[in-house]
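Engineer: model the structure of this input:
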Amino acid sequence: MLDKLPLLLDRRQSSEYLASLGFGAAPRTLAKLASIGGGPSFRHFGRKVRYERPALLAWAEGRLSPPRTSTSVPAFHVSREAERGGHLE
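Structural biologist: Numbering: from 1, shown residues only. Now for the predicted structure:
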């Protein structure tokens with residue numbers, strides 16, 4: 001199914017594509033983020049918004065936390081340690 005999708009996707013197709021990869025983002029969420037910022041990059045074709053599959057994947061992956069081994073360690077602590085190249089003890 002994924003290989004039959006066009007390179008440029010409308011919001012509904014983009015939402016379905018992200019869902020097929022395990023990331024949930026409703027078409028209305030994508031529309032809101034296009035308005036206020038913070039969403040995936042998009043292009044206009046006339047008045048219509050189109051998303052590129054690589055941009056959708058990059059945006060979704062960018063929202064993921066770093067790998068964690070415990071839910072008891074705050075995520076910001078994990079990412080700061082990862083940035084320093086350290087590890088948690």
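
Engineer: contacts and neighbour counts: CA atoms only from here.
Structural biologist: OK.

Engineer: what strand or helix carries the spatially most central residue of the chain?
Structural biologist: With distances taken as C-alpha atoms, centre = their mean, Ala60 lies nearest the centre of the chain, 1.5 Å away. Assigned by DSSP states H and E, Ala60 falls within helix 53-62.

Engineer: show me what that helix is packed against.
Structural biologist: Judged by 3 or more C-alpha pairs under 8 Å, 6 or more residues apart in numbering; DSSP states H and E, the packing partners of helix 53-62 are helix 11-20.

Engineer: average pLDDT for the helix or strand that the helix it packs on is followed by?
Structural biologist: Counting by DSSP H and E, the next helix or strand C-terminal to helix 11-20 is helix 27-36. Across helix 27-36, the average pLDDT comes to 96.

Engineer: contact partners of helix 27-36?
Structural biologist: Helix 27-36 is contacted from outside by 11-12, 14-15, 39-40, 42, using C-alpha atoms under 8 Å, 6 or more residues apart in numbering.

Engineer: residues of that helix that come out buried?
Structural biologist: 27, 30 (16 or more other C-alpha atoms under 10 Å).

Engineer: give me the below-cutoff pLDDT ranges for this protein.
Structural biologist: 1-3, 5, 75-89 (pLDDT under 70).

Engineer: switch the cut-off to 80
Structural biologist: For the chain, the stretches with pLDDT under 80 are 1-6, 73-89.

Engineer: the residue nearest to Leu56 when sequence neighbours are not counted: neighbour count?
Structural biologist: The shortest distance from Leu56 to any non-neighbouring residue, by C-alpha to C-alpha, 6 or more residues apart in numbering, is to Pro40 (5.7 Å). Using other C-alpha atoms under 10 Å as the criterion, Pro40 is surrounded by 19 other residues.

Engineer: dump the residue contacts of Pro40.
Structural biologist: By C-alpha under 8 Å, 6+ apart, Pro40 lies in contact with 30, 33-34, 51, 55-56, 58-60.

Engineer: tell me the contacts of the residue nearest to the centre of the chain?
Structural biologist: Going by C-alpha under 8 Å, 6+ apart, Ala60 touches 18, 23, 40.
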